[in-house]
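Q: Let's see this in three dimensions:
(chains A and B)
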Amino acid sequence: MRFPIAVALVVLSAAEACAAPSASGRWQGIVQIPGLPLHATVDLEQDKSGAWIGSIIVPELAIKNVALTEITLRDGTLSFAIKGALAGPQEPPATFDARLEGTDAMSGTFTQAGNHAPFALRRTGAAQVDLPARSTPVAKEMEGKWVGQYELMGYPRQVTVTFANHGAGPATVEWVIVGKKVNNLPVDLVQRDGEFVRIESHEFGINFEGRLRGGELDGTYEQGPVELPLVLKREGGPR
Amino acid sequence: MNALLMLAIASTAAAAAPSNPTAPMFRGGPAHAGVQAGAAPREFHRVRWTFPTGGGIVSSPVLLDGVIYFGSNDNNVYAVAADSGRQLWAHATGGPVAATPAVARDLVYVGSYDGRFYALDARTGATRWKFRTGGERRFEGKGLDGLQPRTQTIADPFDLYLSSPVVANGTVYFGSGDGNVYALDAATGEARWKFATGDVVHASPAFADGIVYVGSWDSWFYAIDAATGKERWRFHGGEDALVHNQVGFQSSPAVVDGVVYTGCRDSNLYALDAKTGAEKWKVFHNGSWVITSPAVTGGKVYYATSDSALYNVVDATTGKSEVQEQGNAWMFSSPAVAGDVVLIGVSNGSLEARDRVSGKVLWEFQTDAAKQNPGWVLTAQRKFNNSLLFRVQWQDANTVAVERMFAVGSIFSSPLVANGAVYFGSTDGNLYAVE
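A: Purely as a prediction, here's the structure:
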């Protein structure tokens, strides 16, 4: 009696496994673009809510800790997209559409910029999802408005940076540079790292990294090949 | 306006197709108007012949007495029969020949990346004389285009061409990577004068009314007395101290009816008074380089932009836009006006024939390499796949990307039209004759 039940259980779970193979894990293989084979490492796993998260590494294209989006797994068919990295803002993302084959293999079609190429990946281990850096809160002493100035190509520029914390969530930053005109820089990243804070505006290609010392943010303005010292002082003097 | 243009085109076409067509130097003649004597086909029929070389071709073919002369980045200068594509001779230099030869009085003049300027016998290819410049180099800048390391000088991979010579009044004039403009005795190669600018001169000088006109990568455009080498005037283009991207004259000027027309990397097309250098008008292209050398005829200026891939026709007197067509990819090739057709090469490996009035594409030729699209250099829409090409912003990444782009057979050569055929070079190494 017990034997048939055990067999039935094994058969059932095997059937279940066949019906819904897991996509979780580290997958590695090659995308066969003619003349440009790409070595891809894809990490996929489910977060606490059961939603799929993932990241991708492609060394030939300097892609690392780039997030995967639109991850779906249905009836052994897996698809996901690469967030941002291989498409312009107005273009559809690069996508992988795969069929899981057994427990440790998948193959399918990679699509980018309207071109299509086959790929095959094998599961090589546990997932090591590595997502892009995220914004963090800043030190409490950094909150508020900071002002400074620098000179670029003979013209003075006035800088105002305003940090605001929101509990444990990421800080928000208003970043204004006034030269010939007023530029409100969209901030993509604000990160605290000990005494350091870094803010990045990808659209403008401008970054600031400062260290909080003696009531000042003593730092560097970066734009293209230019690196200039920039000291931000609290508006209205030290607190 | 269009009726007048049609009339002008009709009279041009009637005068076209001479029995012995001649286009002995870059842009057809010393003033660089970019107008071809022959009428271009309005439909594509076939490839008449291809002539393979051992390197990419950015040089433009020139024609005299049924012989086509051009340079290749395989270091050779070639002479090829225009009717058959049969090689007549090849002359090896010590570096890529990225300039367009000029032919005058049985001599072929051209510079090479070996830093020497050659005068070759047009019949045999034998060296008559050579002149050593201060050496060639590409334009370069620290942190060029925002690449890292920011403090390291990086050579510009889009500085594709060498200066092409112009021959007038027994003198040959050309620019050099050493920053000088040279005037040499065309018969002997002896220096008559040299004019120093502040950076690389890879634009090709134009000659009109005793003046040599040329721009430099130092951001200045110069008018130089052809006899003495003294500066007549200079005009300042844009500067870009930050990433050195929006600076320098790579475009070669055309001089027509007392006006100098030139593109600039500061994304303007300029019209300057030929006597004074005063700006008459400019057309701004929002950060997109104007590398093409403008063609000017019938009161119109024909040119194109690089990144924004816009084909333009503007009024020569006012700069007012008359035609603007969106292309697929960067255009560096200088347009050639041939009857009622304008021909232009595209860096995605296409040659486009456009209607002179409407600007619409009449026909298109694609290299085999462009059709194969190795490494997905192109998108499915045949634009450059920039998201894949320019991922890395370090060291020589742009050079690597540009080399990959050339794999589709980019056409940087300016087309030559004669005998019912269109001749042009490609970075796939072929000189094509299509009809």
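Q: what about the closest residue to chain A within the stretch 1-150 of chain B, how many neighbours?
A: Distance from chain A to each residue of the stretch 1-150 of chain B (CB to the nearest CB) is smallest for residue B:143, at 2.1 Å. Backbone N, C-alpha and C define where each C-beta goes, glycine included. Using other CB atoms under 10 Å in any protein chain shown, residue B:143 has 20 other residues around it.
Q: residues contacting residue A:203?
A: Listed by CB atoms under 8 Å, 6 or more residues apart in numbering or on different chains, the contact partners of residue A:203 are A:185-186, A:188.
Q: Where neighbours are concerned, which of those has the most?
A: Neighbour counts for the contacts of residue A:203, by other CB under 10 Å, peak at residue A:185, which reaches 20 neighbours.
Q: measure it to residue B:115 for me?
A: Distance from residue A:185 to residue B:115, counting by CB to CB, to the nearest Å: 46 Å.
Q: repeat for residue A:64
A: To residue B:115, residue A:64 is 42 Å away according to CB to CB.
Q: more neighbours, those two?
A: Regarding residue A:64 and residue B:115, a neighbour count based on other CB under 10 Å identifies residue B:115 as having more, with 19 against 14.
Q: Quick check, the more buried one in contact with residue B:135.
A: Yes. In this structure, residue B:115 is within contact of residue B:135 by CB atoms under 8 Å, at 4.2 Å.
Q: what touches both of these two?
A: Joint contacts of residue B:115 and residue B:135 (CB under 8 Å, 6+ apart) are B:177-178.
Q: ok, how many other residues are close to the spatially closest residue to residue A:213 that is not a sequence neighbour?
A: Sequence neighbours aside, residue A:195 is the residue nearest to residue A:213 in space, at 6.9 Å (criterion: CB to CB, 6 or more residues apart in numbering or on different chains). Neighbourhood size, residue A:195 [other CB under 10 Å]: 14.
Q: Please apply the same query to the one 5 residues further on.
A: For residue A:200, the neighbour count with other CB under 10 Å is 22.
Q: Now do the same contact list for the residue most central in space within chain A.
A: By CA atoms, centre = their mean, chain A has its centre lying nearest to residue A:132, at 2.8 Å. For residue A:132, the contacting residues are A:65-67, by CB under 8 Å, 6+ apart.
Q: Got phi/psi on it?
A: Phi and psi for residue A:132, reported as degrees, to the nearest 10, are phi -60, psi 160.
Q: do you know how far it is from chain B?
A: Between residue A:132 and chain B the computed distance is 15 Å (CB to the nearest CB, to the nearest Å).
Q: rewinding a little: give me the buried subset of the contacts of residue A:132.
A: The neighbour count (16 or more other CB atoms under 10 Å in any protein chain shown) marks A:66-67 as buried among those.
Q: before we move on, the earlier item: touching, the residue of the stretch 1-150 of chain B closest to chain A and residue B:151? I think so.
A: Yes. Between residue B:143 and residue B:151 there is a contact under CB under 8 Å: 7.2 Å.
Q: tell me the domain boundaries of chain A?
A: Split into domains by automatic domain parsing, chain A comes to A:2-125, A:140-234.
Q: ok, now which ones touch residue B:205?
A: Contacts of residue B:205 by CB under 8 Å, 6+ apart are B:163, B:165-166, B:173-175, B:181, B:212-214, B:252-253.
Q: Skipping adjacent residues, who's closest to it in space?
A: Nearest residue to residue B:205 in three dimensions, chain neighbours excluded: residue B:214, at 3.9 Å (CB to CB, 6+ apart).
Q: so what's the one you found up against?
A: Residue B:214 sits in contact with B:163, B:175, B:181, B:201, B:203-206, B:221-222, B:224, B:249, B:252-253, where contact means CB under 8 Å, 6+ apart.
Q: now do residue A:232
A: Contact analysis of residue A:232 by CB under 8 Å, 6+ apart lists A:146-148, A:159, A:161, A:210, A:216-217, A:219.
Q: How about residue B:90?
A: Residues near residue B:90 by CB under 8 Å, 6+ apart: B:76-79, B:125.
Q: coming back round to it: out of the contacts of residue B:205, which end up buried?
A: Among these, those classed as buried by 16+ other CB under 10 Å are B:163, B:165-166, B:173-175, B:181, B:212-214, B:252-253.
Q: Pipe those into TSV and attach distance to residue B:197 and secondary structure per row.
A: Formatted as TSV, the buried ones among the contacts of residue B:205 follow (distance: CB to CB, whole Å; DSSP: H, G, I helix; E, B strand; the rest coil):
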residue	distance to residue B:197	secondary structure
B:163	11	coil
B:165	17	coil
B:166	17	strand
B:173	13	strand
B:174	13	strand
B:175	8	strand
B:181	7	strand
B:212	12	strand
B:213	13	strand
B:214	8	strand
B:252	15	coil
B:253	14	coil
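Q: wait, which of the contacts of residue B:205 is closest to residue B:39?
A: Using CB to CB, residue B:252 comes nearest to residue B:39 of these, at 24.3 Å.
Q: And the helices in chain A?
A: Remark: helices assigned in chain A by DSSP state H are A:2-19.
Q: Sketch out the low-pLDDT regions of it for me.
A: A:1-20, A:225, A:238-239 (pLDDT under 70).
Q: Contact residues of chain B facing chain A?
A: Residues of chain B lying near chain A by CB under 8 Å from any CB of the partner chain: B:142-144, B:146-148, B:150-151, B:241-243, B:372-376, B:379-381, B:385-388, B:391-392, B:407.
Q: Would you show me how to pick out the buried ones of the residues you listed in PyMOL?
A: The PyMOL selection below is limited to those of those classed as buried (16+ other CB under 10 Å):
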select buried, chain B and resi 142+143+144+146+147+150+242+243+372+373+375+376+379+385+386+387+388+391+392+407
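Q: Could you tell me which of the residues of chain B next to chain A are located in strands?
A: Among the residues of chain B next to chain A, DSSP state E puts residue B:142 in strands.
Q: OK, contacts around the residue positioned nearest the centre of chain B?
A: Chain B has residue B:334 as the residue nearest its centroid, 5.1 Å off, counting by CA atoms, centre = their mean. Counting by CB under 8 Å, 6+ apart, residue B:334 touches B:27, B:34, B:60, B:252, B:292-295, B:303, B:344, B:414.
Q: any chance of the residues you listed in JSON lines, with pLDDT and secondary structure too?
A: Shown next, in JSON lines, are the contacts of residue B:334 (pLDDT from 0 to 100; DSSP: H, G, I helix; E, B strand; the rest coil):
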{"residue": "B:27", "pLDDT": "96", "secondary structure": "coil"}
{"residue": "B:34", "pLDDT": "97", "secondary structure": "coil"}
{"residue": "B:60", "pLDDT": "98", "secondary structure": "coil"}
{"residue": "B:252", "pLDDT": "97", "secondary structure": "coil"}
{"residue": "B:292", "pLDDT": "97", "secondary structure": "coil"}
{"residue": "B:293", "pLDDT": "97", "secondary structure": "coil"}
{"residue": "B:294", "pLDDT": "98", "secondary structure": "coil"}
{"residue": "B:295", "pLDDT": "98", "secondary structure": "strand"}
{"residue": "B:303", "pLDDT": "98", "secondary structure": "strand"}
{"residue": "B:344", "pLDDT": "98", "secondary structure": "strand"}
{"residue": "B:414", "pLDDT": "97", "secondary structure": "coil"}
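Q: Tell me how many other residues crowd residue A:59.
A: Neighbours of residue A:59 under the rule other CB under 10 Å: 11.
Q: How much space separates it from residue B:401?
A: Separation of residue A:59 from residue B:401 (CB to CB): 16 Å.
Q: residues contacting the residue in the stretch 301-435 of chain B positioned nearest to chain A?
A: As assessed by CB to the nearest CB, chain A sits closest to residue B:380 within the stretch 301-435 of chain B, at 2.6 Å. For residue B:380, the contact set (CB under 8 Å, 6+ apart) comprises A:113-115.
Q: which residues does the nearest residue to residue A:106 once chain neighbours are set aside bridge with?
A: Once flanking residues are discounted, residue A:106 sits nearest to residue A:98: 4.2 Å by CB to CB, 6+ apart. Beta-bridge partners recorded for residue A:98 (DSSP bridges): residue A:78, residue A:108.
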